[in-house]
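Student: Fold the following and give me the result.
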Amino acid sequence: MPDLPAISTLRTVGEHIELDVGEDIALSPRYNEDIAPTRAAQRTWTKWNVASLWVGMAICVPTYTLGGVLTAYFGLSVSEALWTILIANIIVLIPLTLNAFPGTRYGIPCPVVLRASFGIIGSNVPSLIRAIVACGWFGIQTLFGGIAIHLLFSAFSDTWAALGGTGEVIGFFIFWVANITVVIRGSESIKHLETLAAPLLLIVAFGLMFWALPKIEMSEILSVPANRPADASFWPYFMAALTAMVGFWATLSLNIPDFSRFARSQRAQITGQIIGLPLTMLMFSGLGVVLTAASFELVGETISDPVNLIGRIDSPVWVVLSMLMIILATISTNTAANIVSPTNVFQNVAPKYINENKGVILTGLIGILIMAWELLKKLGWLESDVSLDSLYSNWLLGYSSLLGPIAGIMIVDYFLIKNQSYDLLALYQDDAGYPAWNKAGMTAFLIPVGLTVIAITTGELSWFYTYGWFTGSLLGGLIYYIIARNEIGSSA
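Tutor: The predicted model follows:
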């Protein structure tokens, strides 16, 4: 350890708070250099970098299939699905921009932000819930990337094409290594990847549309009736679908500080997110709705994911170019959305034993374990009727119910309880201002989760689960506010 002053100090640099680390913080069991506050000089992300981050994350295979999920599993028409996606992503901008504030001001990642509302040790509970979800998504995205790699190699080699599912599994592990490598190279590597990927991915999206438009009738696709009983009310189906779509980015609404800690200013993170998220999600998921509906006419069968649809294009050159773009798209999504967060979470559990590199590897290994059943299916070693579409359509609704209370608690704590002011030094120390377990945060989290479990297991309070993100975030935030304000009043 280089020579350090005995006591850490804080200073204000523009709108940022910067920490000069002393021995008191450096020796703390709650600190390591990878989850330390970013220096002001490291906060280089402009609004265009933030927008590129969202373009890179939003253009991915699961986004493409969202419209199909809404029409097949949530009973909406094509036009209703598109409106639902747009409204959901405008709504999710609210927790995204608000929860990004402490990251931008203090340069701290999500798990450290959670120490303020859940306690120094208690922060691991919501953090680990978020991390396991991210590891699952990492596995799903890596599977799609592996399929793209298999199709890319198959365009060059009939021998590779003959491998079938085995080739997809090999592609999975090739893609796994590529993702892990990008994140280990650090935040600047992610920034440069997203900046490179964003315009290329938009070109692929428009290219697919131009390929399909001459062969389809948009009016016919948009007029396809909803997949629900004719006399059923629209609103229950819409609210369930809206909750699921908000749940799609419910994870990022928690760990957005992991990225906003590199933003130049609050204006940059707010503007970048507004530019990058809603319209990109609408465009690419809308493309998925249109091409899935038109795929039978295009290639003779209904295909709901772009990887396999592109693989059916009768042009090896376009297949190769498109697969390269799909691989780039999936890496840009996976590295930012699904590896950074759990990496920081695992470090938060034991900062002195788990650094960034170890956290990245741990994330990757858990992702492999979660997707082991699908890999074994592709190798022909296991039979299962569980589809990826049904898996993450149910997962979206379920985990949004768990993550909603965390988002509400974070917002209420920073803006209404702490008045946008953290004791930054205390966030990295035991018994220095923040408790090990914050009773207000844990209570406000466990009550909505308990109601969700009751709804799932008994069928009672089903509305609470159906509208999970909204009910959870509002109830969690309200309970936290009441308990925290009472604690402040009793200690005054």
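Student: Please tell me how far H16 sits from Q266.
Tutor: Noted for H16: a distance of 10 Å to Q266, by C-beta to C-beta, to the nearest Å. No exception for glycine: its C-beta is placed from N, CA and C like everyone else's.
Student: wait, I meant F118
Tutor: To Q266, F118 is 24 Å away according to C-beta to C-beta.
Student: With neighbour numbers in mind, choose between these two.
Tutor: F118 (30 against 16; other C-beta atoms under 10 Å).
Student: Which residue, other than its chain neighbours, is closest to that one?
Tutor: G441 (4.0 Å; C-beta to C-beta, 6 or more residues apart in numbering).
Student: quick one: what helix or strand has the one you found in it?
Tutor: Using DSSP states H and E, G441 maps to helix 439-458.
Student: Go through the helix or strand following that helix and flag the buried ones.
Tutor: Next helix or strand after helix 439-458 toward the C-terminus (DSSP H and E): helix 462-466. Within helix 462-466, the residues that qualify as buried are 464-466, counting by 16 or more other C-beta atoms under 10 Å.
Student: picking up where we left off before, which residues are contacting the helix holding G441?
Tutor: 117-119, 122, 125-126, 398, 401-402, 404-406, 408-409, 413, 460-465, 468, 471-472, 475-477, 479-480, 483-484, 487 (C-beta atoms under 8 Å, 6 or more residues apart in numbering).
Student: what's the answer for stretch 219-239, then?
Tutor: Applying C-beta under 8 Å, 6+ apart, the external contacts of stretch 219-239 come out as 71-72, 74-80, 84, 289-290, 293-294, 466-467.
Student: ditto for stretch 66-81
Tutor: 82, 84-85, 221-222, 224-228, 232, 234, 237-238, 240-241, 244-245, 248, 281, 285-286, 288-290, 292-293, 304, 389-390, 392-393, 396.
Student: what distance separates the start and the end of it?
Tutor: 9 Å (C-alpha to C-alpha, to the nearest Å).
Student: Same question for stretch 16-35.
Tutor: Start-to-end, stretch 16-35 (C-alpha to C-alpha) is 17 Å.
Student: where in this structure is pLDDT low?
Tutor: 1-2, 187, 384-401, 491-492 (pLDDT under 70).
Student: Now find how far off-centre the top helix by length along it is within its chain.
Tutor: When the chain is scanned for its longest helix (criterion: DSSP state H), the result is helix 124-156. The chain centroid and the centroid of helix 124-156 are separated by 12 Å, computed with C-alpha atoms, centre = their mean, to the nearest Å.
Student: relative to helix 439-458, how tilted is that helix?
Tutor: Here helix 124-156 runs at an angle of 60 degrees relative to helix 439-458 (axes from the mean of the first three to the mean of the last three C-alpha atoms, to 10 degrees).
Student: buried stuff in helix 124-156?
Tutor: Quick answer for helix 124-156 (16+ other C-beta under 10 Å): 124-131, 133-155.
Student: same deal with stretch 468-475?
Tutor: 468-473, 475.
Student: now the residues you listed in JSON lines, with distance to T343 and secondary structure?
Tutor: Formatted as JSON lines, the buried residues of stretch 468-475 follow (distance: C-beta to C-beta, whole Å; DSSP: H, G, I helix; E, B strand; the rest coil):
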{"residue": "G468", "distance to T343": "27", "secondary structure": "helix"}
{"residue": "W469", "distance to T343": "25", "secondary structure": "helix"}
{"residue": "F470", "distance to T343": "29", "secondary structure": "helix"}
{"residue": "T471", "distance to T343": "31", "secondary structure": "helix"}
{"residue": "G472", "distance to T343": "26", "secondary structure": "helix"}
{"residue": "S473", "distance to T343": "25", "secondary structure": "helix"}
{"residue": "L475", "distance to T343": "30", "secondary structure": "helix"}
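Student: Now flag whichever of those is closest to Y106.
Tutor: S473 (22.7 Å; C-beta to C-beta).
Student: I'd say that closest one and G404 touch.
Tutor: Yes. At 4.0 Å, S473 counts as touching G404 under the criterion of C-beta atoms under 8 Å.
Student: these two touch, right, W160 and S154?
Tutor: Yes. With contacts counted by C-beta under 8 Å, W160 reaches S154, the gap being 5.3 Å.
Student: who touches both of those two?
Tutor: G167.
Student: For the protein, which segments count as strands?
Tutor: Per DSSP state E, the chain carries strands over the ranges 9-13, 16-20.
Student: Return the most buried member of these.
Tutor: Most buried of the strands of the chain by mean neighbour count (mean count of other C-beta atoms under 10 Å) is strand 16-20; its value is a mean of 19.
Student: now the angle from it to strand 9-13?
Tutor: 150 degrees.
Student: Could you please name the strands strand 16-20 pairs with and the direction of each pair?
Tutor: Take DSSP bridges as the rule and strand 16-20 pairs in its sheet with strand 9-13 (antiparallel).
Student: Please list the residues outside the partner strand that contact it.
Tutor: Counting by C-beta under 8 Å, 6+ apart, 17-20, 22, 40, 424-425 sit against strand 9-13.
Student: circling back: what's the closest of the buried residues of stretch 468-475 to L208?
Tutor: Nearest to L208 among those: W469, at 30.4 Å, using C-beta to C-beta.
Student: Pretty sure that closest one sits against G404.
Tutor: Yes. Using C-beta under 8 Å, W469 is in contact with G404, at 4.0 Å.
Student: Report the set of residues contacting both of those two.
Tutor: Common contact partners of W469 and G404 (C-beta under 8 Å, 6+ apart): A250.
Student: where does I120 fall, phi/psi-wise?
Tutor: Main-chain dihedrals, I120, degrees, to the nearest 10: phi -60, psi -40.
Student: residues touching it, list them.
Tutor: Going by C-beta under 8 Å, 6+ apart, the list of residues near I120 reads 30, 427, 429-430, 434-436.
Student: With R267 instead?
Tutor: K47.
Student: hey, where'd the helices end up in the stretch 101-250 of the chain?
Tutor: 110-118, 124-156, 158-161, 165-184, 187-212, 218-222, 234-248, 250-255 (DSSP state H, counting those that start in this stretch).
Student: neighbours around L163, how many?
Tutor: For L163, the count of nearby residues is 16 (other C-beta under 10 Å).
Student: list the contacts for it?
Tutor: 150, 170.
Student: That one and F173, how far apart?
Tutor: The gap separating L163 from F173 is 13 Å, by C-beta to C-beta.
Student: ditto for S79
Tutor: 41 Å.
Student: Distance of the spatially closest residue to I7 that is not a sequence neighbour relative to D423?
Tutor: Take I7 and drop its neighbours on the chain: the residue closest to it by C-beta to C-beta, 6+ apart is G22, 4.7 Å away. For G22, the distance to D423 equals 15 Å [C-beta to C-beta].
Student: now swap in S123 and tell me
Tutor: 15 Å.
Student: tell me the contacts of the closest residue in space to G207 that isn't next to it in sequence?
Tutor: Distances taken as C-beta to C-beta, 6+ apart put S322 closest to G207, at 7.7 Å, once the chain neighbours are dropped. Contact partners of S322, counting by C-beta under 8 Å, 6+ apart, are 204, 207-208, 310, 313.
Student: again with G167
Tutor: 150, 153-154, 160-161.
Student: now it: how far from P5?
Tutor: G167 is 57 Å from P5, by C-beta to C-beta.
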